Each structure stands twice: as C-alpha cells, then as structure tokens.
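[1] Okay, here's the prediction I keep looking at, along with the sequence it came from:
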Protein chains: 2
Amino acid sequence: MTKENVQGAGEEEQQAQSKKALKKQQKEAEKAAKKAEKQAKLAAEQQETDEDDFAKDRYGICPMVQSQQKLDRALVRVQDLTPEKAEQQIWVRARIHTSRAKGKQCFLVLRHQQFTVQALLAVGDRASKQMVKFAANLTKESIIDVEAVVKKVEQKIESCSQQDVELHVERIFVISQSEPRLPLQLEDAVRPEGEGDEEGRATVNQDTRLDNRVIDLRTTTSQAIFRLQSGVCQLFRDTLINKGFVEIQTPKIISAASEGGANVFTVSYFKTSAYLAQSPQLYKQMCICADFDKVFCVGPVFRAEDSNTHRHLTEFVGLDIEMAFNYHYHEVIDSITDTMVQIFKGLRDRFQTEIQTVNKQYPSEPFKFLEPTLRLEYKEGVAMLRAAGVEMGDEEDLSTPNEKLLGRLVKEKYDTDFYVLDKYPLAVRPFYTMPDPNNPKYSNSYDMFMRGEEILSGAQRVHDAQLLTERAMHHGIDLEKIKAYIDSFRYGAPPHAGGGIGLERVTMLYLGLHNVRQTSMFPRDPKRLTP
Amino acid sequence: MTKENVQGAGEEEQQAQSKKALKKQQKEAEKAAKKAEKQAKLAAEQQETDEDDFAKDRYGICPMVQSQQKLDRALVRVQDLTPEKAEQQIWVRARIHTSRAKGKQCFLVLRHQQFTVQALLAVGDRASKQMVKFAANLTKESIIDVEAVVKKVEQKIESCSQQDVELHVERIFVISQSEPRLPLQLEDAVRPEGEGDEEGRATVNQDTRLDNRVIDLRTTTSQAIFRLQSGVCQLFRDTLINKGFVEIQTPKIISAASEGGANVFTVSYFKTSAYLAQSPQLYKQMCICADFDKVFCVGPVFRAEDSNTHRHLTEFVGLDIEMAFNYHYHEVIDSITDTMVQIFKGLRDRFQTEIQTVNKQYPSEPFKFLEPTLRLEYKEGVAMLRAAGVEMGDEEDLSTPNEKLLGRLVKEKYDTDFYVLDKYPLAVRPFYTMPDPNNPKYSNSYDMFMRGEEILSGAQRVHDAQLLTERAMHHGIDLEKIKAYIDSFRYGAPPHAGGGIGLERVTMLYLGLHNVRQTSMFPRDPKRLTP
C-alpha cells in the first residue's frame, strides 16, 4: 500500500482507483488472449511435430533416469573431444552452456566441468526444423545427451576449451531440465573484477555466489579451485605417509575447553554440555605419548570468534601434524617445511591447468619458494621491520599489517613467498609452549607464512608434567580443568613438536586469492550458516 | 568418618581412640626412621657413586630435552635391530617394557611401538655395580637412550619381537621418567580374554583402558589396530582418486536439521542455534549438482542417539561417496564395492603384521570376499531368512539379529564376509530415496555388510525437484525446512547415487573385533566424553 492510499479515499482517489482496476482488467484480458494464442501455436506446432516431423524420434525430453535399464552406451567426456576423434560418431552428456539460433541453424556450447565444446544443429537430412527449434529453446544449464559426429574445424574456436573440433549433432535428448531463470549467470561469475566495471557488465558479488553455491561451483574458476584443494590434501597426506606418519582421527566433541573456554562453541550433549574442539592438539599429543611417533590428521576445527575478516572462518579444515623428535625441534620444522615444499611442487607440476584457469579471473604472480625453506628468527624479523620504520617492542606480537609488511620485505630480500619465523617471544604463545633453553624471554615456537599471511602456528610442546604445571599456573589456568592433559605426560613422554595448518588459507594464498570464502566450499562465519 | 564414630564417644570408645592415636604415632615414628635410614643409605650410595664409580659418566638422568643442542647422533629403531647389525655399536631410544635384576646382571626389555628387544647390563669393564643397579631401578615405561653393541643370540628370544639379537648396553640415560605406579599394566592389557580367567591373571576392562587411553594405546594390539585403520583411510582415498573422484570438505555446523530434527546435537552459534551434521549428504549432493561428478569426503559425523550398544558411537568417522552415473545406479554400486575390495586386498597384502598382532589377542577367521562382490536382492535375503525359520513381512526392515543371521546364511552359501543387499522396501528408507521404476514398493537402495553387520547404507537419490517434493510430503516433512535442499535440483541435476561408510565399523569387522570402541581412539558415546 502506498502512502497516498493510507491517507483515506477521497473522490478523486476513488476515480483513480477504478481507472486502475479497469487498466488491470484490460491487462489480464490481454494476457489471457496472448496465452491462448501461444497455446494454440504450441498445439499447432505439436501437431506439425507429430505429423510432419521426420526427425521426431531424434530429440525430446527423456523420462527421469530412474535406472530403468542398463544402457550399453559409452559417453565421451567433453575434455576428450580432440581431433583424434574426428569423424567418429559418439555420445556426449553435458550441460547447455549457451544456445544461439541463427536462421536454420542452432549453435550450442556444451559444458562439462572446466571443459566446453561447440555443437551445431542445422536443418537438413539429420535434423528437422522442429528439432533445431527444440534445441534452440532448451534452457541454459539443462543436462543433455547428444549423439554427434566429431568434426575438425579450420579456424580455432576461441570461446571453447576444445578449440579444434565441433560436434555435428544428430540426436539430442534432455536428461534434466533447468528452470529458465538462473539466480546468477555463469559468464558473469567468472568475469575478472575490473573488467566488469569497465565494460558495464555484471559481476557477481560474494553473497550471491555463496547463496547460490550449487551454481557458483559450476564455474571454471570454482572447479579449478576445489580440484586444486583436493590436491593439497592428497599431497599433504602422501608426503607424510611416505615419511612414516600415521593418520589419526580425533574427536570433535570434547568435555572441557582446554585453553580457558574462550572462543569455543557449546554443544548440548544429552543431559550435559560439551564443546567443539578448537584444535586436535591434546589428542595429537596423547598419540605421541602413546608412541605413534609421527601423526597427522585432517579435519574440521571450530573457532567461536566473532571475526568478520577476509581470512577468518568459524569452521575450517585443519591439516595437523605432531611428531616426536630426537634432540632438537628443528627436526620437526624441517619435516613440516619439506612437506609444504612437496605440496608446492606437486601443485605446480600437477595442477597447472587449474592454476591458469584461476589466474584468468584472479591474476597473480606464481608462488615462489626456496629449498631448503628460509628460516628467520623472530628477532631478525623485528629488526627488518624496524629498519623499515616500524616501532615495536622485542616481546610484542606481530600485528596482521606487520606480518604482511614483513612478508613483502622478505620477498624483496630473499625472493620467496614461503618462510618460517622461529623463536617467538614466550609471552605471546600458549602455556604449553617450550621455553627457549638459552633465553627465557623466547620460546621454541614458530609460525609459517605464505605471501605474508600466517598459515601455520606451531611449537615444541612442554612434555614434562612438572614444567607444564608451572607454566599453566603462570598463565592463571585452572589446573583442575587440564588435569587429564597434564596427566598424559606422567608415564614417559618423548620430546615433540608440531603445528596446525589451515587448508583454506593454503589454497587461498597459493593461488593469490584474497578471501578465504573463495576456498571454502560452504563457508561458515559469524553471519553465514547456509547453505 | 565411620558409622561408629558418628554414634557419639563413650568411654570405651575414647579408650579405643587413644589406642588408635598411639598406634598411629608409633607408625609415623617407624616411617620417619625408615625414611631417615633410606636417605642415609641413598646418600652413602650417592657418595659411593660419585667417588668410586668408574662408570659414572655412562648413565644418569638427562636434563629435559629442551632443544639445547643439535646432537649428531643417529638413533636406530628397535624394529631395525636384526642380525645384519651384529657387532655394531649403536644408539637406541625406547621405553623400558620390563626390567629384571639377577645377581650382577640386569635384563631389560626395550619397547618401541609394536617392537621389543632384550638388553643386558652386566657388572664388568663397561658397567659398574651402581650402573646396573640404576638400570634395575628404572621405572617401567620410562624412555631411555642406550648405547649398546648388537649381539646375535644362539637361542631365539621368544618373548621379544626381535628374536635373533640382544643389546649389550654400554651407556644408559633417561630421557623421560615414568611415574612408578601405572594405572594399568601393558601385559594385562594384551592378554587374550579367556587366558586371564583360566590362569587367574588380570585382564583390563574397557573403561579402565579408555580412561587411561594414553597407556592403552601403547599396547601392540592398539598400535596394530590404529595403524591398520590409517591404512583403511589411505586405501579408500587412493582407490577413489585413481577412479577420478575429488575430495571435498563439507561443513559440520549446519543451520537446519534436514531430516526432521531427531537425533541431532544442538550448538550455540553466537546469538542463534545451529546443529551438528548427521551426514555430509546434502553437501555431497550439491557437489554432484555442481558438476564435480564423483566426490568423496572423510570426516566426523554426529548422531545424538541414546544407543548404548557395541556398535553405536555419537561421533564417528564417515567415509562418504557420491557419484553421478549414466543410466543405472548399479554403476555406483560397482564403484563402491570395487573400492571396498581394494581396501580388503590392501589390508591383506600390506598389513599382515598388524592383522596377526591383533589376532594374538582377539583370534578371528581371515576376512573373506568375492570378486565381483556378491549382490543379493532384499527379497532374496528375506526368502533365505524365511527358509531358516524367520517370520517377517515383505516390507519389514531387517532387525540387527536378522542381519547377523543373514550374514551367517550368506557365508555358508557363498563363502563371503562381504556382500550387498539391494532394493530395500521403499517404506523403510529416507524420503530422498529413488523408488524402483518397476515396483513402487521397492527402491533403488542398498546396504553393504561385513561379517553380518551393516557398514554402508546408500541409494540412488531423487534428483528431480518435483518428485523430491512429493516424496517429502508423503513423509510429512516440512517443505519450508528443506527448501534449500530441493532447490539444489532445480537447475539441472545429473542422476546420482552414493553411500556412507563407518570407518570404525569397517576396522572392527575386518579384524573380527566385537566393540566399536576398540577401533575409535577416543570414543564418544552417551556416557563417555573423555579423554
């Protein structure tokens, strides 16, 4: 109701209203007439189709695939459509990426995952007028089966991934129809940000993407990001298994929040309360105390932090490592940095297509790393920052801007996007961090950085029950709450160190992206719990 | 306070009490005297040690390993102590498994993970009386570094894993001391259940084990179980990655409980409430609708069921698969069963040591499977049960006892511990299960069984928004709550099927164990949230 209507109905207004009503009636009548006309046309077409269409068995909408039959028909993948298949008659299943009618022809672009191919229907021996029209009217994103002959093309088809061939369609059947109105257009969703502004074309904002993730994940960029992320996990595990690590599974529902209870989510657990684990650390350490020696786990970690930044999620995937060492925690640093290097090399060598695809939308410099990995002491980092004009205390923690600045300084000086900062001030680390034996103000702890952002935090842990008790008391932690943790170290505990890596951050920073929501399929933050 | 004391203090009682007090005083005096005596003795010994001990630099308690130095000393693993190393002088780090003094000698059994070796100290050129005594007094489970010469032995040492060699110790240093009183004895914890009863020896009950998991996990049996479980995960993923699957990460905190809200844990999420995911199914299916085609994930799933059985946990690890298929969901069944077969083969071929180790404590028949996997229809299963005297309706679900019985009947008839039961009655499956196209009472769904217990439940899913809506309404599900789920299928969805496997059950049943808590490192059930 508009404001005017609310103010009461004078004569003038009543007149206006009846005028409006009339107009509405007229409109509806027009609409009905149009509909009738359309239906008549459709019926005529249908009749024409049924009666006169020599190709009527060559196209149509299939009944829902309900496993009615075991069809002995091989489907060729779009990515395998190359000139070697020229002149072969094949079946392909793909989505309608675009469709364009042009006279007696219909040009389709068919898409499967990151790959596209042009397909052509032309009125002639194999296709009727009705069949071409049917193809032209198919909704974008519908899934179809086509039978076609693969043809080499003279001029490369620049708009498709399969540039040397096109398909001459002989049969076309719909497997699953898409609704005609898509909540976002795939071509908008892959447009580089600047480009959209300049040419007045649409780009898709992040919330629209995430709200319609099932469509956004179909873009070449999303397909590439998450295939590469699957690769990160695989490389992480394969490298560690080769090094003799054992994979463990740690519980996510825990009875006590070990580090004082801040930033934990509470769970109703039957008649009591429990918490969601902020990290698997206690459990990793228990496995070390239980002689597994080298363990890793990949799983969700939960942080109830109300941080709405580009790099914080309330739920993310932790790649966690814990390892007993012989005499010095640098044995563990070396093991972790080598694992990271194996991941970087594996991505570079095995996921170049994905990297290039992401770069088209989000350009970035290739990720650089050294072998062996650069390791700087915290003091050195502070000195570099001071030389660049930053004022900070010796025992002060690094702010996020200072971390980024240090990343740039390190890149300039050492030409690497990956390095370790070792020997953090004891005061800024958790109570279970082993103090430096030579300087009580420092500790045997480290962070690792990619493109100036932290991706791993780790340390030698205190493995002595008595020292652990002292350190907890120093931090004012209720000993009763961490009794089980401390008791784990009473029956012989090997010296050990470890760390936790954020999977989404590694993917984001390796690809040079700028928001961790781009590398989480279904991100969770304080404001987002769906889809 | 005893009941007697509470009843008031008559004269008799007062006398009794003063007697008691006297006795207490006497006892304390004796204690003090003994303590003084002991201290004097220790001091004398210490002096003797310091003054007269030629070996005093060859043993002792090391300062806590705080990464003071990078010692260039290779440590040989216990499992690598073989006759090839005879006469070599080496360093070993291990736990004191047992220690036994015998005259001027001390026999130690050193343990690392599943492996043990005998070590000998004898008073002589290399070891003093004091040094042997020091070794004899070390507490079980302490971690030590020893320098020793490897010696071949004439008679096999049956009690150790390394039967052909022993260590002649020349130096012995404690890295981490264990408290003298262990909450459980490792030799009790690996004793086969029957054996304990017969010989009057202790076994350890499950709660004691779980309460002291950090020690219980050190047993050869636990080490073997969890190394094998790590293998299950690795084989699962490697097989699927070879088949072109992509690993995905799905959120565990979700905004709505999709299947009506029963059996879900509630989480406080900032100012609102959320739930813990009972399965990644919706997310797996969204990935299929987003063209990932073949996806898997490994992660925790949560069930708020108050079931206190041998096979239910409130948190377990799901090995989940979802896959688009061309024409028939049996394509997916074939893919899953082949994956299981690859797991069984991999375990058989690569984890035989672990299988044998577990069998020592928990004897079981080797796990049998067929290639290709046996697939029976539900109807056939019901017929077999009826032939065995079970009365049940056509559309009735299988009870747990009937599942087990059917497992035995199948084993007898087909000689396999693994099979698929296909085409369950539609009525007993979730709303998103695809009905059988030929008989509306049945469905395109299946369970898989190991040794007669269900390890996987799966189905072709309804991929058509309209049919899904109808099915949800038929089940009385609030459409508003599953709108996002149904909407996922509106923009073209490939036909697909999948299933979820319980990791702990697979490990348990493969090894022929009888409680899922044995194959969960830190199990969670309605009554257990710790450690």
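    Sure, I can see it.

[2] Tell me the helix or strand right after the host helix or strand of residue A:209.
    Assigned by DSSP states H and E, residue A:209 falls within helix A:206-211. Counting by DSSP H and E, the next helix or strand C-terminal to helix A:206-211 is helix A:213-216.

[3] Run a quick neighbour tally on residue A:271.
    A count of nearby residues for residue A:271, using other C-beta atoms under 10 Å in any protein chain shown, gives 6. For every residue, glycine as well, the C-beta is placed using N, CA and C.

[4] and the gap between the closest residue to residue A:337 other than its chain neighbours and residue A:411?
    Nearest residue to residue A:337, sequence neighbours excluded (C-beta to C-beta, 6 or more residues apart in numbering or on different chains): residue A:373, at 3.7 Å. Per C-beta to C-beta, to the nearest Å, residue A:373 is found 14 Å from residue A:411.

[5] Likewise for residue A:141?
    Distance, residue A:141 to residue A:411, using C-beta to C-beta: 42 Å.

[6] Can you pull the residues of the stretch 1-150 of chain A lying near chain B?
    Selection of the stretch 1-150 of chain A residues close to chain B by C-beta under 8 Å from any C-beta of the partner chain yields A:64-71, A:73, A:75, A:93, A:95, A:112-113, A:141-143.

[7] one step back: residue A:141 and residue A:411 - which one has more neighbours?
    residue A:141 (23 against 17).

[8] hang on, isn't that one packed against residue A:99?
    No. Assessed by C-beta atoms under 8 Å, residue A:141 is found out of contact with residue A:99, at 10.7 Å.

[9] related to what we said a few turns ago, just the buried ones from the residues of the stretch 1-150 of chain A next to chain B, in PyMOL syntax?
    Burial among those is assessed by 16 or more other C-beta atoms under 10 Å in any protein chain shown; the matching PyMOL selection reads:
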select buried, chain A and resi 64+65+66+67+93+95+112+113+141+142+143
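
[10] and residue A:222, how many neighbours does it have?
    Residue A:222 is flanked by 27 other residues according to other C-beta under 10 Å.

[11] what helix or strand does it sit in?
    Assigned by DSSP H and E, residue A:222 belongs to helix A:220-242.

[12] Would you mark the buried spots in that helix?
    Buried residues in helix A:220-242, counting neighbours by 16+ other C-beta under 10 Å, are found at A:220-241.

[13] Could you do stretch A:515-531 as well?
    For stretch A:515-531, burial by neighbour count (16+ other C-beta under 10 Å) applies to A:516-526, A:528-529, A:531.

[14] So which of those residues reach chain B?
    For chain B, the contacts drawn from these by C-beta under 8 Å from any C-beta are A:520, A:521, A:522, A:523, A:524, A:526, A:529, A:531.

[15] In the stretch 51-200 of chain A, where is pLDDT below threshold?
    The model of the stretch 51-200 of chain A has pLDDT under 70 over residues A:51, A:196-200.

[16] can you map out the helices along the stretch 51-200 of chain A?
    Under the criterion DSSP state H, counting those that start in this stretch, the stretch 51-200 of chain A carries helices at the ranges A:129-136, A:186-189, A:193-198.

[17] Which one of the residues in the stretch 101-250 of chain A is closest to chain B?
    For the stretch 101-250 of chain A and chain B, the shortest gap (C-beta to the nearest C-beta) falls at residue A:217, measuring 3.5 Å.

[18] Now do that residue, the pLDDT please.
    Predicted confidence (pLDDT) for residue A:217: 97.

[19] Can you verify my assumption that it contacts residue B:288?
    No. In this structure residue A:217 lies outside contact range of residue B:288 using C-beta under 8 Å: 10.4 Å.

[20] ok, stretch A:378-386 near chain B or not?
    No. Figure legend: stretch A:378-386 not in contact with chain B (C-beta under 8 Å from any C-beta); closest approach 15.3 Å.

[21] how about low-confidence regions in chain A?
    Ranges of chain A meeting pLDDT under 70: A:1-19, A:21-22, A:24, A:28, A:42-51, A:196-200, A:258-261.

[22] Export the longest strand along it to PDB, keeping only CA atoms.
    In chain A, ranked by residue count with DSSP state E as the criterion, the top strand is strand A:89-102. Extracted C-alpha coordinates of strand A:89-102, given in PDB (Å, rounded to 0.1, in the frame of the first residue of the first chain):
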ATOM      1  CA  GLN A  89      30.100 -40.800 -34.100                       C
ATOM      2  CA  ILE A  90      29.800 -40.500 -30.400                       C
ATOM      3  CA  TRP A  91      27.500 -39.800 -27.400                       C
ATOM      4  CA  VAL A  92      28.200 -37.000 -25.000                       C
ATOM      5  CA  ARG A  93      26.500 -35.900 -21.800                       C
ATOM      6  CA  ALA A  94      26.900 -32.200 -21.000                       C
ATOM      7  CA  ARG A  95      25.100 -29.100 -19.900                       C
ATOM      8  CA  ILE A  96      23.800 -26.400 -22.200                       C
ATOM      9  CA  HIS A  97      26.300 -23.600 -21.500                       C
ATOM     10  CA  THR A  98      24.900 -21.300 -24.200                       C
ATOM     11  CA  SER A  99      22.500 -21.700 -27.100                       C
ATOM     12  CA  ARG A 100      22.000 -19.400 -30.100                       C
ATOM     13  CA  ALA A 101      19.700 -19.900 -33.100                       C
ATOM     14  CA  LYS A 102      20.700 -18.400 -36.400                       C
END
